[in-house]
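1. generate a structure from the sequence data that follows.
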Amino acid sequence: MQSNSNGAYILHLANEISPEQRRKLVLVSKLIQNLSNQLAFGNKEPYLQELNDLYMEVHIPKMRALLLFLAVRRTLPHCCLDGTRVD
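-> Next up is the predicted model:
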């Protein structure tokens, strides 16, 4: 086993999947990373640029909405131990 800080090696998963499966997982992780960063694919990875029109343009606004939803602090009504509401 390689000495690597990569989580797949730590979990011994790298030896259990084929190189093709590993490549697909890397591409999926790149897609999720760019989506969470709200970035389209650029010239660095031209083979992924076709995903910009097919996937990124549709889902970046949804990701933005999800991140905003998660970031907003919501207050819950205060309740007493007996279940009565205290405002």
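
2. lowest-pLDDT helix or strand in this protein?
-> Taking mean pLDDT, DSSP states H and E as the measure, the chain has strand 85-86 as its least confident helix or strand, at a mean of 55.

3. surely residue 42 is within a strand?
-> No: Residue 42: not assigned to a strand; according to DSSP: H, G, I helix; E, B strand; the rest coil it is coil.

4. give me the pLDDT value at it.
-> Looking at residue 42, its pLDDT reads 90.

5. residues contacting it?
-> Counting by Cβ atoms under 8 Å, 6 or more residues apart in numbering, residue 42 touches residue 49. Glycine gets a C-beta too; all of them are placed from N, C-alpha and C.

6. over to residue 34?
-> By Cβ under 8 Å, 6+ apart, the contact set of residue 34 is 40, 41, 56.

7. so how far is residue 54 from the closest residue to the second one other than its chain neighbours?
-> Going back to what we said before, that points to residue 41. Counting by Cβ to Cβ, 6 or more residues apart in numbering, residue 48 is the residue found nearest to residue 41 once chain neighbours are left out, at 4.2 Å. Using Cβ to Cβ, to the nearest Å, residue 48 is found at 10 Å from residue 54.
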